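Participant: Got a sequence here, can you model it:
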Amino acid sequence: MLEKIRCKIADWFTPERLKGNSLLKPNYYKVNYQNIRFFMTKGVEKGYIRLVTLDNEDYFDRGTLKEVVEECSYFVMIHRQFVVNINHVDSRLDWSCCWSGEHKLNVSPQYRENFKEKMQLFLQTKENGQ
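Facilitator: Residues are numbered from 1 along each chain as shown. The predicted model follows:
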């Protein structure tokens with residue numbers, strides 16, 4: 001017996017994604033940006049992004065990582081497939097990788113300097129209580 005598939009959607013779900021699978025029913029959720037650990041495109045259908053929240057739930061949305069970075073200043077691109085919320089970076093190793101919860105995310109060499117600058121600015125404002 002086939003079970004119904006539940007998909008969590010952050011914003012919207014397009015009809016073409018539903019085409020051919022009558023069991024797939026979209027569920028819509030509102031997700032606060034502050035509760036998002038990171039966004040990724042790895043292993044996700046083109047044109048969609050996956051977001052992982054603080055409670056380790058996965059959601060999908062249409063869009064690009066570039067749009068996410070432009071929209072919110074506390075998201076920083078660390079890899080061509082990953083954007084991390086600097087508020088939820090728990091630790092890092094030599095600027096080559098960081099952890100958000102139990103998720104280890106690699107930082108590409110081309111994004112390291114920007115990541116380092118944003119993290120240092122974040123830590124300075126956090127120390128100053130702003």
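
Participant: burial count for Asn49?
Facilitator: Wrong residue type there; residue 49 is Ile, not Asn. Each residue near Ile49 was counted by other C-beta atoms under 10 Å, and the total is 21. Quick note: C-beta positions are derived from backbone N, CA and C, even for glycine.

Participant: List the residues that contact it.
Facilitator: Applying C-beta atoms under 8 Å, 6 or more residues apart in numbering, we find Ile49 in contact with 39-41, 60-65, 68.

Participant: ok, what's across the strand from it?
Facilitator: Counting by DSSP bridges, Ile49 is bridged to Asp61.

Participant: ok, it to Asn56 distance?
Facilitator: Here the criterion is C-beta to C-beta, to the nearest Å. By it, Ile49 lies 17 Å from Asn56.

Participant: Return the closest of the contacts of Ile49 with respect to Gly129.
Facilitator: Val68 (27.1 Å; C-beta to C-beta).
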